[in-house]
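>>> Next one to model:
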Amino acid sequence: MSRYEDRNFQDRLNSASNAKQALLAKFKKELEDPTRIERQREREAIAAARAERRAQKEAAHREHERELARQAEAAAAAAAEAARIEAEKAAREAAELAALEAQIKAEEAERETQLRAEQKAARDARYAARKAEKKVRRRGY
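Residues are numbered from 1 along each chain as shown. Below is the predicted model of the structure:
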């Protein structure tokens, strides 16, 4: 292997500077390369399309969430309406039952009153018959 020898310090500085400039020129050349620029544009286009798809997906998701919320609200309203109708029906049935029970109690009270009146009349008739029989026995008629 041959060995590259620089003669003095200044030559080494110049050679390092030239190497840095060559490396910088290489990178500048790569930055200006049309294929690299084209690849960069393709990557940017892909990133923009990806961002657009993500935005569309998020918009669709938000719309789906709004639809689910509307459906849940409609279901809650329907459930509330059904509960209200059921409560009205239960209240109506309870009122009808209470009215029927009151009517039955009134009829029972009327029958009880009528029975007591009949029993009193029968008792009074027996008492009157006993009195009349006693009167007949005393007077002899």
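>>> can you pull out the helices in the protein?
Along the chain, counting by DSSP state H, helices occupy 9-31, 34-139.
>>> Comparing the ones you listed by mean pLDDT, which bottoms out?
Ranked by mean pLDDT, the helices of the chain bottom out at helix 9-31, with a mean of 88.
>>> Which residues does stretch 61-76 contact?
The list of residues contacting stretch 61-76 from outside it, by CB atoms under 8 Å, 6 or more residues apart in numbering, is empty. Any C-beta I mention is one placed from the backbone N, CA and C, and that applies to glycine too.
>>> ok so, going back, would you convert the helices of the chain into a markdown table that also reports mean neighbour count?
Listed next are the helices of the chain as a markdown table, based on neighbours: other CB atoms under 10 Å:
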| stretch | mean neighbour count |
| --- | --- |
| helix 9-31 | 10 |
| helix 34-139 | 10 |
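>>> any idea how far the residue nearest to the spatial centre of the chain lies from Glu63?
Centroid-nearest residue in the chain: Ala72, 5.3 Å away (criterion: CA atoms, centre = their mean). Distance from Ala72 to Glu63, counting by CB to CB, to the nearest Å: 15 Å.
>>> now swap in Ile85 and tell me
Applying CB to CB, the value for Ile85 to Glu63 is 33 Å.
>>> what's the answer for Gln103, then?
Going from Gln103 to Glu63 by CB to CB gives 59 Å.
>>> likewise Glu44?
According to CB to CB, Glu44 and Glu63 sit 29 Å apart.
>>> again with Ala109
Distance from Ala109 to Glu63, by CB to CB: 68 Å.
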